[in-house]
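Trainee: What follows is a predicted protein model with its sequence.
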Amino acid sequence: MAVDALDAKILRLLLEQPRTSAREYARILGIARGTLQARLDRLERDGVITGTGPRLSPAALGHPVLAFVHIEVRQGQLEPVAQALADVPEIIEAFSMTGGGDVLTRVVARDAAHLEDVIQVLVRLPGVVRTRTEMALRERVPYRMLPLVEAVGRAAGPGR
């Protein structure tokens with residue numbers, strides 16, 4: 001799906017001012033509200049906009065420890081393991097991967113002992129061969145999309 005310069009401007013506003021109304025976005029951009037809504041609908045339908053809810057802080061929810069757990073899975077067991085991982089609330093993301101492990105998970109925990117408990121749950125899952133854990137020390141670049149949106153907008157060329 002091609003994102004043009006106007007789409008990039010809309011996305012930037014959504015990222016920078018997420019609580020602003022559609023009417024105000026349209027005013028800022030100098031476009032009709034209907035045009036804005038049609039663009040938003042298309043961006044959602046095409047999977048560019050995947051959600052509108054708040055980003056929550058695991059640390060503020062009492063889970064300040066962040067770890068990346070690589071999971072090696074027995075051949076042919078990826079789907080059942082992935083389904084079982086979805087039942088572990090401390091796993092906030094999981095990806096099938098190439099390289100050293102089959103699945104990479106992002107795990108949050110209350111403390112190191114809790115992290116160990118979560119890892120023990122993972123190693124007992126049917127189909128899990130072994131795990132390797134790396135603890136994050138400090139976030140250096142927080143999750144962000146604005147630089148990518150700006151680069152896409154520049155590549156799309158001049159627009160409204």
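Mentor: Happy to help now that I have it. The model shown is predicted, which means the values in this text are computed figures rather than measured ones. Numbering: from 1, shown residues only.
Trainee: domain assignment for this protein?
Mentor: Following automatic domain parsing, one finds the domains of the chain at 5-54, 65-135.
Trainee: Would you reformat those domains as CSV and include mean neighbour count?
Mentor: Where C-beta positions appear, they are placed from N, C-alpha and C, glycine not excepted. Output for the domains of the chain, formatted as CSV (neighbours: other CB atoms under 10 Å):
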stretch, mean neighbour count
domain 5-54, 14
domain 65-135, 15
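Trainee: Adding mean pLDDT and distance to Val141, write these out as JSON lines.
Mentor: Shown next, in JSON lines, are the domains of the chain (pLDDT from 0 to 100; distance: least, CB to CB, whole Å):
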{"stretch": "domain 5-54", "mean pLDDT": "94", "distance to Val141": "15"}
{"stretch": "domain 65-135", "mean pLDDT": "97", "distance to Val141": "14"}
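Trainee: Mind putting these into CSV with distance to Val149?
Mentor: Shown next, in CSV, are those (distance: least, CB to CB, whole Å):
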stretch, distance to Val149
domain 5-54, 5
domain 65-135, 21
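Trainee: To Val152, which of those lies closest?
Mentor: Nearest to Val152, of all the domains of the chain, is domain 5-54, at 5.5 Å by CB to CB.
Trainee: Quick one: end-to-end length of the closest one, please.
Mentor: Using CA to CA, to the nearest Å, one end of domain 5-54 lies 26 Å from the other.
Trainee: just how off-centre is it within its chain?
Mentor: Between the centre of domain 5-54 and the centre of its host chain there is 19 Å, according to CA atoms, centre = their mean, to the nearest Å.
Trainee: now the helices: where do they sit in the chain?
Mentor: Secondary structure of the chain (DSSP state H): helices at 5-16, 22-29, 33-45, 78-85, 112-123, 146-156.
Trainee: can you redo the ones you listed as TSV with distance to Thr52?
Mentor: Below are the helices of the chain laid out as TSV (distance: least, CB to CB, whole Å):
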stretch	distance to Thr52
helix 5-16	8
helix 22-29	12
helix 33-45	9
helix 78-85	26
helix 112-123	29
helix 146-156	16
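Trainee: and of the domains of the chain, who's closest to Met145?
Mentor: domain 5-54 (5.9 Å).
Trainee: Minimum distance to Arg130: which of the helices of the chain has it?
Mentor: Evaluated over those, closeness to Arg130 peaks at helix 112-123, with 7.3 Å, by CB to CB.
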